[in-house]
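*Asks:* need a 3D model of the following:
(one chain, ligands or ions: 1)
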Amino acid sequence: MSSSVVISGSGLWTPEYSVSNEELVDAYNGYAEQFNLTNKDAINSGEVAAKPFSSAEFIEKASGICSRYTYIKDGILDIHRMRPLIPQRNEDELSDQAEIAIHAAKSALKSANKTADDIDVVIVACAYTQRSYPAIAIEVQEALGIKGFGFDMLVACSAATFALHRAYEMLAAGTAKSVLVVNPELTSPQVNYCDRDSHFIFGDVATAVVVENKETVTSEHAFEILSTKAVTQYSNNIRSNFGYVSRANDSDPFAADKLFHQAGRKVFKEVCPMAAEHITEHLARHQLTSEQVNRWWLHQANINMNTLITRKLLGREPSKQEAPIVLDTYANTASAGSIIAFNLYHQDMQAGDYGLLCSFGAGYSIGSLVLKKL
Ligand code: CO8
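*Replies:* Coordinates of the predicted model:
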């Protein structure tokens with residue numbers, strides 16, 4: 001291994017539009033009322049299940065989410081549509097995802113004190129890409145004028161940490177000089193706004209991180225990556241079945257199973273102990289205990305999940321400063337959640353402080369990095 005590998009900058013792009021729980025619940029309940037009226041006879045005969053009503057109080061209590069940002073608000077609150085209205089772009093225009101990725105990438109480059117010439121690898125890592133090819137990463141690479149190579153990788157909520165894992169390995173192996181990892185999480189097209197159990201969970205955002213060798217770092221706030229750890233374990237409890245074979249299946253592309261759906265309770269019960277055990281093992285690799293970790297940048301899935309995991313690790317409730325939560329305004333932003341927390345809550349840390357970045361989600365997949373402030 002040549003030199004230490006360092007996170008030298010990060011960027012965040014927040015959409016202009018925000019949707020409150022109240023707005024979302026009003027739209028959903030309006031849709032449910034209309035659905036129940038239209039399907040009255042089928043509901044009465046037991047053929048169709050009535051749509052239950054949603055509540056803003058439930059959402060905040062069960063998830064910690066008060067509002068979420070959306071790339072486009074049009075259509076989401078329209079009870080006759082219940083999905084965003086994103087105009088299709090021509091092939092000679094920048095794709096939606098590349099556009100939001102570039103906003104975050106530019107802000108990460110600035111914070112790392114780097115230009116396009118310093119970067120030779122671009123990884124676009126997120127839960128979905130809006131097309132199969134050409135890769136969004138290559139589009140971002142071209143738009144930013146980066147020479148080298150780029151590729152997309154999908155690992156649901158763990159895409160960002162798994163991509164940082166790849167970046168770390170490339171730097172450590174000497175096959176890259178500096179890697180730009182970007183997470184354009186455009187989740188709203190895959191949210192089922194007609195499903196009471198999940199209509200409130202997700203928001204859109206884009207984050208980015210620059211990873212380089214310690215010798216080339218010139219930024220103010222840099223963190224050495226001490227190590228990375230990843231694990232996956234197959235589970236059907238969080239699924240999205242839309243894919244390129246859907247057309248050949250002759251199935252309904254608007255069917256609920258094509259969108260995000262989950263057995264939320266099971267996920268909660270199974271993922272929390274997995275994540276806590278994973279983190280404990282990872283810290284032990286460095287002879288560190290949870291009490292020595294100054295900052296926890298955890299995946300932002302659900303306030304109760306985050307609280308349970310940190311309570312398991314620390315044996316007490318962490319302070320807001322120790323384990324920042326961004327769920328209230330950003331909601332679950334798939335793989336970007338822990339990076340938003342990192343981006344917003346690291347500048348106060350002192351040289352020698354430890355931080356733990358960790359994602360957990362669909363797959364199941366868990367990814368973590370132990371970081372040390374330079
Ligand atoms: N309003 C009112 N009541 C509701 C609502 C609502 N909106 N939703 C559910 N209820 C009702 C239920 O029907 C249930 O009623 P009953 O007791 O009569 O059956 C009651 O409230 C309790 O429901 P739950 O048991 O489901 O409620 P929970 O307290 O478990 O909370 C959660 C539900 C918030 C979903 C919770 O289970 C949870 O957060 N689980 C963790 C799962 C999680 O975070 N998953 C996200 C994983 S994301 C991921 O991996 C990313 C994939 C890629 C992202 C792409 C996005 C498009």
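*Asks:* tell me the pLDDT of the closest residue to residue 239 other than its chain neighbours.
*Replies:* Spatial nearest neighbour of residue 239, chain neighbours left out: residue 261 (6.0 Å); criterion: CB to CB, 6 or more residues apart in numbering. C-beta here means a position set from N, CA and C on the backbone, and glycine is covered the same way. Listed pLDDT for residue 261 reads 97.
*Asks:* for the residue in the stretch 201-350 of the chain that the ligand sits nearest to, which non-adjacent residue is closest in space?
*Replies:* The minimum distance from the stretch 201-350 of the chain to the ligand, using CB to the nearest ligand atom, falls at residue 264 (2.9 Å). In this structure, residue 264 finds its nearest non-sequential neighbour in residue 197, 6.5 Å apart by CB to CB, 6+ apart.
*Asks:* what is the lowest-mean-pLDDT helix or strand in the chain packed up against?
*Replies:* Lowest on mean pLDDT, DSSP states H and E among the helices and strands of the chain sits helix 246-249, with a mean of 90. Applying 3 or more CB pairs under 8 Å, 6 or more residues apart in numbering; DSSP states H and E, one finds that helix 246-249 contacts no other helix or strand.
*Asks:* ok, and what's touching it?
*Replies:* The set of residues external to helix 246-249 that reach it, using CB atoms under 8 Å, 6 or more residues apart in numbering, is 253, 258.
*Asks:* mind listing what's buried along it?
*Replies:* Residues of helix 246-249 classed as buried by neighbour count (16 or more other CB atoms under 10 Å): none.
*Asks:* starting at the chain centroid, how far to it?
*Replies:* In this view, helix 246-249 has its centroid 28 Å away from the chain centroid, taken as CA atoms, centre = their mean, to the nearest Å.
*Asks:* the helix or strand just after that helix: partners in the sheet, and parallel or antiparallel?
*Replies:* Downstream of helix 246-249, the first helix or strand assigned by DSSP states H and E is strand 261-262. Sheet pairing of strand 261-262 (DSSP bridges) gives strand 238-239 (antiparallel).
*Asks:* pLDDT of the strand it pairs with, averaged?
*Replies:* Strand 238-239 shows a mean pLDDT of 97 in the predicted model.
*Asks:* burial of the residue nearest to residue 264, as a residue count?
*Replies:* 15 (other CB atoms under 10 Å).
*Asks:* ok, now the one 10 residues further on?
*Replies:* By the other CB under 10 Å criterion, the neighbourhood of residue 207 contains 33 residues.
*Asks:* and it, that one's in a strand?
*Replies:* Yes. Assignment of residue 207 by DSSP: H, G, I helix; E, B strand; the rest coil places it within a strand.
*Asks:* got a pLDDT number for it?
*Replies:* At residue 207, pLDDT is 98.
*Asks:* report the beta-bridge partner residues of it.
*Replies:* If you apply DSSP bridges, the partners that residue 207 bridges to are residue 12, residue 183.
*Asks:* could you do the one 5 residues further on as well?
*Replies:* When bridges are assigned using DSSP bridges, the partners listed for residue 212 are residue 6, residue 178.
*Asks:* that one reaches residue 171, doesn't it?
*Replies:* Yes. Contact criterion CB atoms under 8 Å: residue 212 and residue 171 qualify, at 6.8 Å.
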